[in-house]
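Trainee: Predicted coordinates and the sequence they were generated for:
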Amino acid sequence: YVFDGVFPPETYQEQVYNTCAKQIVKDVLEGCNGTIFAYGQTSSGKTYSMEGNLNDLQHMGIIPRIAKDIFNHVNDNLEFHIKVSYFEIYMEKINDLLDVTKTNLCVHEDENHVPYVKGCTERFVSSPEEITNIINEGKSKRHVAGTNMNEYSSRSHSIFQIVISQEHGEHKLSGKLCLVDLAGSEKVSKTGAVGNVLDEAKNINKSLSALCNVVSALTGQTKTHIPYRDSKLTRVLQYCLGGNCRTTILICCSPSSLNKSETMYTLKFGQRAKRIKNTAFINHKMTSNEWQRKYEKEKEKNNILENKIQTLEMERRNWHNGEAHTQTSCILMNLYFGGVIPPRLL
Ligand SMILES: Nc1ncnc2c1ncn2[C@@H]1O[C@H](COP(=O)(O)OP(=O)(O)OP(=O)(O)O)[C@@H](O)[C@H]1O
């Protein structure tokens, strides 16, 4: 298997952060979109890697470290606006983790056709502590259940989103960072899931298999149809998979030989996903002056086209009346058609 890096079990959280997340934070601060998601079977360490222990410097995971890092980079000369949202996809329904009254939210598309969760709470933050409090608040609302394999098994996919907008004079940039802790795939014979936990397991496995289908379609020989709409998870993550985003996938595996077949499946997923090609670019928002300049340019283009139409209309009328080309129209035609008058007008 080929990967960008492999972390043995004794690796410190800080090492994982430095390798997987540090650069993405810089990219998002420069106006790119970024995503980090943890994928793997149940109890393989996804939540530990993404969140970890929020109040323990050694064991805190990627999300709280990102919260600190962002504020280390925030420059006094620039105006930054940082807002966060936190939601989960539970049994194919999107629930707001910062406002429990908002359930079954819809996915809409913005003006650039990027899907987003409509109506999800967004909170402005101004310190790492505020982000940590928000994570704690959302985390307590997330669906978790005990199974034979994990005492606190996540029964939903959680997505913590940070949007950083900044203004520097005329320049406006905006980057979105999406931090995803997927629920783990599970063999119900091993987890001993029954009743509601079994229903949850079926839903988890179904959405993860939709994710695998998207990855397969994106890396297949013929990219005819990418089934993003087959699950809420793939729809929400659409721009991260084959779109405008720098995406890092953290593949989590169990070190136990009892989980060999799941580990091989997980590694194959990672190997395949690594072949997806994304095209990330800087999300530059236009200022009012830039809009004005663009408008003037378009207006000028429009005038030229209108003049062209008038000349052609005049020519058509002349031709219809059996008149020769006027000298003025020949000059204009030369001007508009760059000296090459289409034969049908001669
Ligand atoms: N690298 C690690 N070092 C120490 N403990 C770990 C490590 N990885 C995981 N653990 C511990 O293993 C247990 C299971 O991990 P975790 O809950 O993160 O798994 P998960 O992949 O998120 O599972 P699920 O999909 O069921 O939610 C937790 O008690 C966690 O603290």
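Mentor: Looks like it came in fine. This is a predicted model, so every value here is computed, not measured. Residues are numbered from 1 along each chain as shown.
Trainee: What residue, apart from its backbone neighbours, is nearest the residue in the stretch 1-150 of the chain positioned nearest to the ligand spatially?
Mentor: Nearest to the ligand, among the residues of the stretch 1-150 of the chain, is G45, at 2.9 Å (C-beta to the nearest ligand atom). In short, each C-beta sits where N, CA and C put it, glycine included. Leaving out its chain neighbours, the residue that sits closest to G45 by C-beta to C-beta, 6 or more residues apart in numbering is C252, at 4.7 Å.
Trainee: Can you classify T311 as helix, strand or coil?
Mentor: Assigned with DSSP: H, G, I helix; E, B strand; the rest coil, T311 falls in the helix class.
Trainee: Could you count how many residues lie near it?
Mentor: When neighbours are defined as other C-beta atoms under 10 Å, T311 has 20 of them.
Trainee: which ones are touching the spatially most central residue of the chain?
Mentor: Closest residue to the average C-alpha location of the chain: C240 at 3.9 Å, with C-alpha atoms, centre = their mean. Residues in contact with C240 (C-beta atoms under 8 Å, 6 or more residues apart in numbering) are 33, 35, 37, 178, 247, 278.
Trainee: Secondary structure, pLDDT and neighbour count added to these, as a markdown table?
Mentor: Output for those, formatted as a markdown table (DSSP: H, G, I helix; E, B strand; the rest coil; pLDDT from 0 to 100; neighbours: other C-beta atoms under 10 Å):
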| residue | secondary structure | pLDDT | neighbour count |
| --- | --- | --- | --- |
| N33 | coil | 94 | 26 |
| T35 | strand | 96 | 24 |
| F37 | strand | 92 | 24 |
| C178 | strand | 96 | 22 |
| T247 | strand | 95 | 22 |
| N278 | coil | 90 | 16 |
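Trainee: Make JSON lines from those residues and add distance to A67 to it.
Mentor: Conversion of the contacts of C240 to JSON lines gives the following (distance: C-beta to C-beta, whole Å):
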{"residue": "N33", "distance to A67": "18"}
{"residue": "T35", "distance to A67": "16"}
{"residue": "F37", "distance to A67": "17"}
{"residue": "C178", "distance to A67": "14"}
{"residue": "T247", "distance to A67": "20"}
{"residue": "N278", "distance to A67": "24"}
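Trainee: Can you tell me which of those residues is nearest H73?
Mentor: H73 has its nearest neighbour among those in N33, at 16.7 Å by C-beta to C-beta.
Trainee: so how far is K93 from the closest one?
Mentor: Using C-beta to C-beta, to the nearest Å, we find N33 at a distance of 25 Å from K93.
Trainee: swap in S154?
Mentor: Counting by C-beta to C-beta, the gap from S154 to K93 is 15 Å.
Trainee: just to revisit the earlier point, distance-wise, check the residue of the stretch 1-150 of the chain closest to the ligand relative to V215.
Mentor: When distance is defined by C-beta to C-beta, G45 is 21 Å away from V215.
Trainee: Between the two, tell me which one has more neighbours.
Mentor: Set G45 next to V215 and count neighbours by other C-beta under 10 Å: V215 wins out with 23 against 20.
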